[in-house]
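Peer 1: this one's structure only:
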């Protein structure tokens, strides 16, 4: 089933639809699209799973650009709708999910965060932070997008794209650079998060990503989940393992107390 939110986001529901139950919403990271969850969704056919492209990417490329992380969080809350949902997010998508959960803990009943980058925190190494800052300072977002695509899919993958597809990917570079800029300084306070969280990481990911998940889980008193053999793009390379992470997130929400009510004021403080 396909629906369009008031802001123009196209949301696609897959799997079993239970009008009385809650959805599982997957949120993609930077320089990515909902399509990268395709194989994960294939392992979740018994669950109502919703995917969407954040503005600046894929089907949402031509929407008005996000002015801040709060715009992305507002889009996610529109995608969720009126019933509480489990939200599972990859990388930068975790920031969108966390801010949405802080804003409306009555609608985000549980979070699954796979390797959220936290370059503003004291334990994040300086070199990865410097690399992110260099991306923000690059004057050619299109070239940044191409470099990221090649880093993930190889030069051959880039060359197999049509010229029109390459141009679209380059256009997505503006959204990616804006994503990175919004995470260099604290976009929210973890202490404001009142819903259960499962922190996920791959066993073969960057050490600082794995360590960050362990540190965050310890600080918040929340559990961890490791995907054996996976790197940062575990949703692409290990879809069955990532689907197990999704199921573990849903199970955590089922075991947790009812969510609190919505907060008022500015959650970004």
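Peer 2: Yep, that arrived. Note that the structure is a prediction, hence the values are computed from the model and not measured.
Peer 1: Now do the strands for the chain: every range, in order, please.
Peer 2: 2-4, 10-14, 24-27, 49-52, 85-90, 108-114, 197-202, 224-227 (DSSP state E).
Peer 1: So for the residue nearest the centre of the chain, what's the pLDDT?
Peer 2: For the chain, the residue sitting closest to the mean C-alpha position, by C-alpha atoms, centre = their mean, is residue 93 at 2.0 Å. Note for residue 93: predicted pLDDT of 98.
Peer 1: show me the contacts for it.
Peer 2: By C-beta atoms under 8 Å, 6 or more residues apart in numbering, the contact list for residue 93 reads 27, 28, 29, 54. Yep, even glycine has a C-beta here, placed from its N, CA and C like the rest.
Peer 1: Distance of it relative to residue 134?
Peer 2: Distance, residue 93 to residue 134, by C-beta to C-beta, to the nearest Å: 22 Å.
Peer 1: now do residue 207
Peer 2: In terms of C-beta to C-beta, residue 207 sits 20 Å off from residue 134.
Peer 1: Between the two, which has more neighbouring residues?
Peer 2: Neighbour count, other C-beta atoms under 10 Å: between residue 207 and residue 134, residue 134 has more, with 11 against 8.
Peer 1: The spatially closest residue to residue 187 that is not a sequence neighbour and residue 126: what is the separation?
Peer 2: Of all residues not flanking residue 187 in the chain, residue 69 sits nearest, at 5.0 Å (C-beta to C-beta, 6 or more residues apart in numbering). Here residue 69 is placed at a distance of 23 Å from residue 126 (C-beta to C-beta).
Peer 1: These two: which is more packed in?
Peer 2: residue 69 (22 against 8).
Peer 1: circling back to that earlier point, which residue, neighbours along the chain excluded, lies closest to the residue nearest to the centre of the chain?
Peer 2: residue 27 (3.6 Å).
Peer 1: what residue ranges in the stretch 1-150 of the chain score low on pLDDT?
Peer 2: Within the stretch 1-150 of the chain, the set of residues satisfying pLDDT under 70 is empty.
Peer 1: Which residue ranges of it form helices?
Peer 2: 38-42, 69-80, 93-103, 126-137, 141-160 (DSSP state H, counting those that start in this stretch).
Peer 1: Would you mind giving those as CSV with distance to residue 19 added?
Peer 2: Output for the helices of the stretch 1-150 of the chain, formatted as CSV (distance: least, C-beta to C-beta, whole Å):
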stretch, distance to residue 19
helix 38-42, 20
helix 69-80, 15
helix 93-103, 23
helix 126-137, 42
helix 141-160, 38
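Peer 1: what does stretch 179-191 rub up against?
Peer 2: With contacts defined as C-beta under 8 Å, 6+ apart, stretch 179-191 is touched by 30, 68-69, 92, 95, 98-99, 102, 117-121, 129, 132-133, 135-136, 216, 219-220, 267-269.
Peer 1: Pull out the buried residues from these.
Peer 2: 30, 69, 92, 95, 98-99, 102, 117-119, 129, 132, 135-136, 216, 267-268 (16 or more other C-beta atoms under 10 Å).
Peer 1: Quick check: mean pLDDT of stretch 222-230?
Peer 2: For stretch 222-230, the per-residue pLDDT averages 98.
Peer 1: Surely residue 252 touches residue 195?
Peer 2: No: using C-beta atoms under 8 Å, residue 252 makes no contact with residue 195, being 9.9 Å away.
Peer 1: which residues do those two both contact?
Peer 2: With C-beta under 8 Å, 6+ apart as the test, residue 252 and residue 195 both reach residue 110.
Peer 1: who's more crowded, these two?
Peer 2: residue 195 (25 against 21).
Peer 1: how much space between residue 156 and residue 18?
Peer 2: The value you get for residue 156 to residue 18, if C-beta to C-beta is used, is 42 Å.
Peer 1: Of the helices of the stretch 1-150 of the chain, flag the one that's most buried.
Peer 2: Of all the helices of the stretch 1-150 of the chain, helix 93-103 carries the top mean neighbour count, a mean of 26, counting by mean count of other C-beta atoms under 10 Å.
Peer 1: Just want the angle from that helix to strand 85-90.
Peer 2: 150 degrees (axes from the mean of the first three to the mean of the last three C-alpha atoms, to 10 degrees).
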